[in-house]
Structures are given as C-alpha cells and as structure tokens.
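**Q** Below is the sequence, then the predicted model.
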Amino acid sequence: MNGLVPLPGHSAVYPGSFDPMTHGHLDVIERAAKIFDTVLVAVVVNPQKREPLFTLDERERMIREAVAHLPNVQVTHFRGLLADFIRRVGATVIVKGLRVVSDFEGEMSTALMNRSLSEVDTVFLPSDPRWSFVSSTLVKEVYNLGADVAKYVPPAVLAVMQAKRPTRPAEPVRSEEV
Ligand code: PNS
C-alpha cells in the first residue's frame, strides 16, 4: 500500500485510440488508478484521424493484458460521442494525459465541449517526462519502418505487434536511394 486513498465515488473514463497503447498511456492509467475508485479505459471504435493500424480486438487485447495487474481498471470500447458514452456508464470524470504544451490547445477545447455536452469534467495528468516524446503515431511510424519499439510499448503490446508483423531484416539499400 502507498497510503493513498482513492477519491470515493469517482469513476474515471480514459478514452483514446490506443493505436497502439504506449508506455505513456500505461503510466497515465496506473496513476489514474491510484487517484480514482475505478478507471474504465475506453477504446474508440473508429479513430477520427485515420484507419487504425490495429483492429479494435487487437487494441483491446493489448490493453487488457497490459493492465492485468490493476484490479480497479477495466477495458471496453465505444462508438460515437464520448459524452453519450460517459452518461451511459455513469462516469464522473474523464482522464486525459498531456505530453507536451501543444497538446493543451486541442485538449482544452475538447474538455470544454465534453463538459458542455455531459457536465463531466476532464482531469489532465501530465505525462511522465520519460514518455513525453512517445506517441502512438511515432511508434507506428518507426514500427512500420522496421525499428525496434520495445522501449516504447508495454511487453503485452509488443507481443501483439510482433505477432502482427514479425520484424524483418532491413532490405538492402539501392545506391540511388542513398
Ligand atoms: O487517443 P486519441 O486519438 O487522442 O483519442 C481521441 C478520442 C478518442 C478521445 C476522441 O477522438 C473522442 O473522444 N472521440 C469520440 C467522438 C467525440 O466525442 N467527439 C467530440 C469530442 S469533443
């Protein structure tokens, strides 16, 4: 025990694309699990940005395995408006991580829109500096280009990533590409 008593009656939703989940996501979940009674990790079915690299099933499976040591954390998915989902599950707070200052602008207006729609506030947890440069987008990019991403994702996530596309030896570079 760390002596911390979770805030009674607060069930948090931590929404995201998790395409894939990173160490930064897991760090936010672990810290949120110490603050709130329960944390529901909610994977959005269709991320707004683009077609996900990992299927919904893969993303949920990765997260479930990575949070298996946290008894007050559950994993599910939602489609449509986050505000509607929040109401359906009766959550009292939304948790988001902030990695860098540039995250703030978009997250601030999203938080205000979600509060306007659902009356539920967003609590921001600052990213651990170890992970502030690690985003799903960058992890996907280096993974797609064949780099080792073991440093950036939990082992359970790495296992799914490797099963999906085992690391191939780099292709020889043709002289005109150098
Ligand atoms: O990991 P991401 O991509 O930053 O997560 C974004 C997410 C899923 C939290 C956001 O796109 C979202 O809430 N989508 C659901 C649709 C919605 O409610 N849009 C209005 C937000 S004000």
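**A** That came through, no problem.
**Q** Output the contacting helices and strands for the biggest helix by length in the chain.
**A** Identified as the longest helix of the chain according to DSSP state H is helix 101-118. On a contact count with 3 or more CB pairs under 8 Å, 6 or more residues apart in numbering; DSSP states H and E, helix 101-118 meets helix 82-89, strand 93-98, strand 121-126. Every residue, glycine included, has its C-beta placed from N, CA and C.
**Q** So what's the gap between that helix and the chain middle?
**A** Centroid separation between helix 101-118 and its chain, computed with CA atoms, centre = their mean, to the nearest Å, is 17 Å.
**Q** Show me which residues of that helix are buried.
**A** Buried positions in helix 101-118, judged by neighbour count with 16 or more other CB atoms under 10 Å: 103, 107, 111, 114, 118.
**Q** How much space separates the last one from residue 44?
**A** In this case it means residue 118. For residue 118, the distance to residue 44 equals 16 Å [CB to CB, to the nearest Å].
**Q** Now do stretch 55-65: everything it contacts.
**A** 17-21, 25, 41, 43, 45, 52, 54, 75-77, 154, 156-157, 159-160, 164 (CB atoms under 8 Å, 6 or more residues apart in numbering).
**Q** ok, which of these also contact the ligand?
**A** Counting by CB under 6 Å from any ligand atom, residue 17 from the contacts of stretch 55-65 sit close to the ligand.
**Q** For ChimeraX, what selects the buried ones among the contacts of stretch 55-65?
**A** To isolate the buried ones among the contacts of stretch 55-65 in ChimeraX, judged by 16+ other CB under 10 Å, type:
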select :17,18,19,20,21,25,41,43,52,54,75,77,154,156,157,160
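**Q** just to revisit the earlier point, need the worst-confidence member of the buried residues of helix 101-118.
**A** Least confident entry in these, by pLDDT: residue 103, with 89.
**Q** quick one, strands of the chain?
**A** Under the criterion DSSP state E, the chain carries strands at the ranges 7-16, 36-44, 73-78, 93-98, 121-126.
**Q** how big is the angle separating the fourth one from strand 7-16?
**A** Calculated by axes from the mean of the first three to the mean of the last three CA atoms, to 10 degrees, strand 93-98 forms an angle of 50 degrees with strand 7-16.
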